[in-house]
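Asks: generate coordinates for the sequence data below:
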Amino acid sequence: MRARLIAAGAAAVLLGAGGAASGTTAGGRALNGGEAPHHHFGFERFQAGEGYWFACPALTNTSSEPVEVLGAQLVGAPAHWRTGEVRAVDWGDGPVGVGARDETFAGTPGMERDRSTTPVRIAPGERSTVSYLVRAEPVSASAAGRAEGCRFTYRSAHRVYVQDLASHYFLGPEDD
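Replies: Predicted coordinates:
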């Protein structure tokens, strides 16, 4: 009887995964980050245990299909940075923030419009008013380093894609 329950549970998992398996992750090309590779942003002075927020490149959907951005993360961050927290802020027509320290983040106008809990839809050929900000926290005073950009996960035409957009983020002295 126990073997049948395990087999039934495994079949249910496999059947459930079947729908997700048809939407497996692929390398995407629908997003454009504008001048992002030329963007250098960081904090020359930093303190261990304090959070620093970096703005990911602004997103334009260059495809002929709508996309739904599901999330973002920091790419190529050093092992001595804690990462993972993300905010998706809808700036509307206002100026876009490029980064902040934890203590100034909450007081920055517009930060209360966090959209990171729901997918952000971008129509074909449109630029999103939502900017993604990713947080890095150095774990020690010697945690100077660089990250390479942002990785976006998005859905388009029932498939999930992952695409990296380059940008240069740093904590500590910037090397040119």
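Asks: separation between the residue nearest to residue 46 when sequence neighbours are not counted and residue 148?
Replies: Leaving aside its chain neighbours, residue 46 sits nearest to residue 171 (4.6 Å; criterion: C-beta to C-beta, 6 or more residues apart in numbering). Using the backbone N, CA and C atoms, a C-beta is placed for each residue, glycine as well. Noted for residue 171: a distance of 14 Å to residue 148, by C-beta to C-beta, to the nearest Å.
Asks: kindly report the same for residue 53.
Replies: Distance of residue 53 to residue 148, given as C-beta to C-beta: 17 Å.
Asks: neighbour count for the two, which is higher?
Replies: Neighbour comparison, residue 53 and residue 148: the larger count goes to residue 53, with 23 against 16 (by other C-beta atoms under 10 Å).
Asks: thought residue 130 was touching residue 56, still the case?
Replies: No: with contact defined as C-beta atoms under 8 Å, residue 56 does not reach residue 130; the gap is 10.3 Å.
Asks: which of these two has more neighbours?
Replies: Set side by side, residue 56 and residue 130 show more neighbours around residue 56, with 25 against 21, by other C-beta under 10 Å.
Asks: could you check the pLDDT of that one?
Replies: At residue 56 the predicted local distance difference test score is 91.
Asks: what's the closest non-adjacent residue to it?
Replies: Per C-beta to C-beta, 6+ apart, closest to residue 56 is residue 150, 3.6 Å.
Asks: could you verify my assumption that the residue nearest to residue 46 touches residue 142?
Replies: No: the criterion here is C-beta under 8 Å, and residue 171 misses it with residue 142 at 10.7 Å.
Asks: who has more neighbours, those two?
Replies: residue 171 (26 against 10).
Asks: from residue 79, how far out is that one?
Replies: Distance from residue 171 to residue 79, by C-beta to C-beta: 13 Å.
Asks: how about residue 145?
Replies: For residue 145, the distance to residue 79 - C-beta to C-beta - is 9 Å.
Asks: give me the contact list for the helix or strand where residue 68 lies.
Replies: Take DSSP states H and E as the rule and residue 68 turns out to sit in strand 67-75. Strand 67-75 has contacts (C-beta atoms under 8 Å, 6 or more residues apart in numbering) with 30-31, 54, 56, 59, 61, 81, 83-84, 86, 88, 116, 119-122, 128, 130, 132, 134, 136, 147-156, 160, 164, 169.
Asks: once you drop chain neighbours, what's closest to residue 134?
Replies: In space, and not counting its chain neighbours, residue 134 is closest to residue 74: 4.5 Å by C-beta to C-beta, 6+ apart.
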